[in-house]
Structures are given as C-alpha cells and as structure tokens.
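> 3D model of this:
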Amino acid sequence: MMSYADLEREIDRGARPELLRGWVLDVLDDVAHGRRPLRAVRHPLGFTCLPVERAGPDGVCVHAWPADPRPVRPTTSTMHSHSWDLLSHVLHGQVRNELIEVTDAPVNPVWRVYEVHSRGDLDEMAATDRLVTAVTATVETHSAGDSYALRAGGFHTSEVDPGQPAVTVALGRTTPGACDLSLGAVDGRSHRVHRDRCDPMETARVARQIARLLAPG
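Predicted coordinates for the structure are as follows:
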C-alpha cells in the first residue's frame with residue numbers, strides 16, 4: 001500500500017507512471033471485490049469520486065469522468081476553488097482546466113461568491129457578500145501520463161470532451177483556514193445540495209468500469 005507521501009513523490013518524479021497505474025488497479029480490484037469498504041460519490045460537477053484514503057489534512061481519491069456522463073447542472077456554476085492544494089496525475093484520457101481570474105466588483109458584478117461547507121453527503125452553499133467578475137486567464141489540457149497542480153483558492157473549471165472518458169489519481173492537502181468556494185448567481189440565496197453516494201454494488205461496478213479503462217493493452 002502506497003502512502004500519500006509515496007504517491008506524491010512518484011507523481012513529482014514522473015519517472016514510473018506504471019507504478020501509479022498498478023497501484024490504482026490494485027485499489028480498484030479491492031473495491032470491486034469488497035475488500036476496501038468505500039462508497040463512490042457522484043460529484044455535482046460531473047465526475048465520480050472514489051475516496052481511497054483520508055489521513056488528517058491529506059486525502060487520496062480516484063476521479064473518473066464517464067464517456068456518457070449525466071448532465072451537469074450545478075446550483076451555482078462549474079467555476080470553483082478548493083480549500084486544499086491539488087496534485088493530480090492523468091491515467092487515462094484528457095482533462096481540460098480553465099484557470100479563472102476573479103476580480104472584486106461591488107458595483108457591476110456578474111457573480112456572487114458562495115462558501116461550500118461539506119458535511120457527509122450534504123453541501124451547504126452559503127451566499128457571501130462578495131460580488132465579482134470572472135474571466136478565463138489560461139486553458140490547460142493534460143493527457144494520460146501528465147501531472148498538474150492547482151493551488152488552494154485558485155478558481156478553475158475541470159472538464160473532459162463529450163464521449164471521451166478520463167481517469168485521474170488526485171491528492172489533496174488541506175490548507176488551514178481556507179474554504180471551498182463556488183461562483184453563482186448574484187441574486188442567489190444560501191441553499192443545500194445533496195451528493196449522490198453509490199451503494200456497494202454500484203461502487204463495485206464503477207470500480208470495474210474504471211479498471212477496464214486502465215487495463216494494459
């Protein structure tokens with residue numbers, strides 16, 4: 001079993017991608033056969049998350065975007081920022097990140113900033129007084145074998161092309177005092193969003209689907 005530090009080191013080095021792939025396939029096999037008691041989560045932004053490990057401020061997940069995803073209908077928008085530093089390695093497909101420049105605009109705002117407080121399967125979307133504009137500053141496309149990092153607090157979107165599945169292994173390290181944020185309607189109000197957690201049978205099916213994408217040959 002590779003630790004967070006082991007995975008971080010291998011992603012930073014970039015010399016042995018087959019080691020990362022092999023580790024993820026072992027994890028998926030454990031999930032598919034019920035040896036690892038976790039439940040997949042359908043994220044509101046269109047991907048499925050397998051929460052592999054959580055130890056203090058550090059977390060490891062496998063993220064998968066299916067070829068035929070459900071329509072993404074977030075209650076705010078797809079533009080968001082994390083409360084944690086992200087280090088991700090693409091195992092299959094392509095992931096496109098748009099890095100968003102957000103500027104305070106109390107007079108002529110386009111978006112309101114919402115704080116996201118997650119408790120289990122419930123996200124509390126708390127409308128703040130911060131009003132902003134947002135423009136795309138950079139677009140980055142990462143293919144299988146690439147790694148990328150996103151700093152805590154950096155607004156972005158992460159998407160895949162329709163019909164093109166993608167899989168990543170994602171490492172997150174929480175930044176003390178930071179909060180997950182999302183951009184939403186200026187006239188919106190605080191509300192709640194429930195995440196769809198899969199049952200054990202569906203989780204096993206998801207693990208097998210991801211493993212088929214990553215299988216050698």
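
> doesn't His43 make contact with Val197?
One thing to correct before we go on: residue 197 is Arg, not Val. No - taking contacts as CB atoms under 8 Å, Arg197 lies outside contact range of His43: 10.6 Å. The way it works is simple: take the backbone N, C-alpha and C, and place the C-beta from them, glycine included.

> Would you mind pointing out the helix or strand the most centrally placed residue in the chain falls in?
Centroid-nearest residue in the chain: His63, 6.3 Å away (criterion: CA atoms, centre = their mean). Assigned by DSSP states H and E, His63 falls within strand 58-65.

> What count of nearby residues applies to the residue lying closest to Asp123 once chain neighbours are set aside?
Nearest residue to Asp123, sequence neighbours excluded (CB to CB, 6 or more residues apart in numbering): Val193, at 4.4 Å. Using other CB atoms under 10 Å, Val193 is surrounded by 16 other residues.

> Let me know the outermost residue of this protein.
Max radial position in the chain (CA atoms, centre = their mean) goes to Val107, at 32.5 Å.

> what comes into contact with stretch 178-195?
41-44, 74-77, 79-84, 100, 102, 109-118, 121-127, 131-132, 134, 152-153, 155 (CB atoms under 8 Å, 6 or more residues apart in numbering).

> If any of those residues are buried, put those into a ChimeraX selection.
Restricted to buried positions by 16 or more other CB atoms under 10 Å, the ChimeraX selection for the contacts of stretch 178-195 reads:
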select :41,42,43,44,74,76,77,79,80,81,82,83,84,100,102,109,111,112,113,114,115,116,123,125,127,131,132,134,152,153,155
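
> tell me the contacts of the closest residue to Gln164 other than its chain neighbours?
Computed as CB to CB, 6+ apart, the closest residue to Gln164 that is not its neighbour in sequence is Gly93, at 5.5 Å. When contacts are counted by CB under 8 Å, 6+ apart, Gly93 touches Trp65, Ser143, Ala144, Val160, Gln164, Pro165, Ala166, Val167, Leu213.

> so how many other residues sit close to the fifth one?
Same thing as Gln164. Gln164, neighbours per other CB under 10 Å, totals 13.

> Quick check: the gap between it and Ile100.
Using CB to CB, to the nearest Å, Gln164 is found at 22 Å from Ile100.

> Then the third one?
For Ala144, the distance to Ile100 under the criterion CB to CB works out to 25 Å.

> what do you get for the last one?
As for Leu213, its distance to Ile100 is 29 Å (criterion: CB to CB).

> Likewise for the first one?
When distance is defined by CB to CB, Trp65 is 19 Å away from Ile100.

> hang on, the earlier thing: phi first, then psi, for the residue nearest to Gln164.
phi 80, psi -160 (degrees, to the nearest 10).
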